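**Q** Next one to model:
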Amino acid sequence: MSQPLVAILDDEPEIRNMLSDALGEAGFRTVSFGRATEFEAALRKTAPDVCLVDLGLPDRDGLTLVHRLALESGAAIIIISGRAQVQDRVTGLELGADDYIIKPFEPAEVVARVRARVRDARPAATGGASTAQFAGWTAHFDRYVLEDAEGRETSFSHAEGEVLRLFLEAPKRLINRTQMQEALGGAAGESFDRAMDVRISRLRTKLGEDPKNPKLIKTIYGAGYIFLGDVTWR
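**A** You can find the predicted model right below:
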């Protein structure tokens with residue numbers, strides 16, 4: 001199996017070099033870009049496992065780029081930014097980022113966060129299966145696509161896929177916020193909770209759920225969530 005590929009987008013050469021060196025020593029392959037246009041062109045030819053994205057870019061709005069990546073890419077997205085306000089972190093996570101690291105940072109922290117995103121922490125639950133069938137739907141985690149009974153496809157982001165997979169691996173069992181945080185990583189708190197709410201809302205929409213009375217992903221107020229469908233992995 002090839003080493004995971006990490007794409008680094010930051011307009012500061014010192015940061016790109018520091019991250020490339022630290023990740024290379026940890027066993028990752030890296031590609032680095034100083035401008036969003038170069039980064040986006042490269043993504044048409046290669047598919048990184050993780051994207052490290054700075055928000056302060058010279059040629060694009062960083063948050064807009066993060067949102068596009070979340071919708072169109074299967075990569076995990078980690079924002080690295082000097083914007084330290086809680087609202088900045090919340091916005092980044094709501095737009096689809098998987099994690100948010102504030103500058104200045106220790107390279108070892110970034111390596112640890114990247115490892116958390118590329119490791120397969122739950123192989124026993126599904127035997128390495130990448131496709132799940134439930135309630136007339138098929139989730140293709142290798143392609144980040146939901147397919148309905150008529151064969152129509154709807155894409156989902158890496159972040160949405162992590163939440164969906166968590167539910168599908170534990171159907172008809174209550175999953176509380178602490179369990180979600182431990183399974184998906186990221187710092188517990190308001191920003192994590194808001195990000196989970198947004199991702200679950202988007203999944204419900206893609207599954208055609210009534211937001212006032214969802215049938216599959218149920219909210220148990222004060223306790224957590226429960227997925228009520230029968231699931232078959234293959």
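**Q** tell me the mean pLDDT over stretch 139-158?
**A** Averaged over stretch 139-158, pLDDT sits at 88.
**Q** contacts for it?
**A** 70-77, 96, 98, 130-133, 136-138, 161, 164-165, 168, 202-203, 206-208 (Cβ atoms under 8 Å, 6 or more residues apart in numbering). To be clear about C-beta, it is placed using only N, CA and C from the backbone, and glycine gets the same treatment.
**Q** hmm, try it at 6 Å
**A** Contact partners of stretch 139-158, identified using Cβ atoms under 6 Å, 6 or more residues apart in numbering, comprise 70-71, 74, 76, 96, 130-132, 136-138, 161, 206.
**Q** what distance separates it from the middle of the whole chain?
**A** 16 Å (Cα atoms, centre = their mean, to the nearest Å).
**Q** Next, the buried residues of it.
**A** Ala139, His140, Phe141, Tyr144, Val145, Leu146, Glu147, Ser155, Phe156, Ser157, His158 (16 or more other Cβ atoms under 10 Å).
**Q** Direction included, what does the helix or strand that contains the first one pair against?
**A** Here Ala139 is covered by strand 137-140, with elements defined by DSSP states H and E. Based on DSSP bridges, the strands next to strand 137-140 in the sheet, each with its direction, are strand 131-134 (antiparallel), strand 145-147 (antiparallel).
**Q** hmm, back to that, from the contacts of stretch 139-158, which would you call buried?
**A** Buried among these (16+ other Cβ under 10 Å): Ala70, Gly74, Ala76, Gly96, Thr131, Ala132, Trp137, Thr138, Gly161, Lys206.
**Q** So for the first one, what's the pLDDT?
**A** If I follow you right, that is Ala70. pLDDT, Ala70: 79.
**Q** Please apply the same query to the last one.
**A** The predicted local distance difference test score for Lys206 is 92.
**Q** what pairs with the residue lying closest to it once chain neighbours are set aside across the strands?
**A** Using Cβ to Cβ, 6 or more residues apart in numbering and skipping residues adjacent in sequence, the residue nearest Lys206 is Thr154, 5.1 Å away. Beta bridges link Thr154 to Leu146, judged by DSSP bridges.
**Q** Which pair of the buried residues of stretch 139-158 spans the longest distance?
**A** By the measure Cβ to Cβ, Glu147 and His158 form the most distant pair in the buried residues of stretch 139-158, at 17.8 Å.
**Q** Let me know which of the strands paired with strand 137-140 is the nearest to Pro58.
**A** That would be strand 145-147 among the strands paired with strand 137-140, by Cβ to Cβ, at 33.8 Å.
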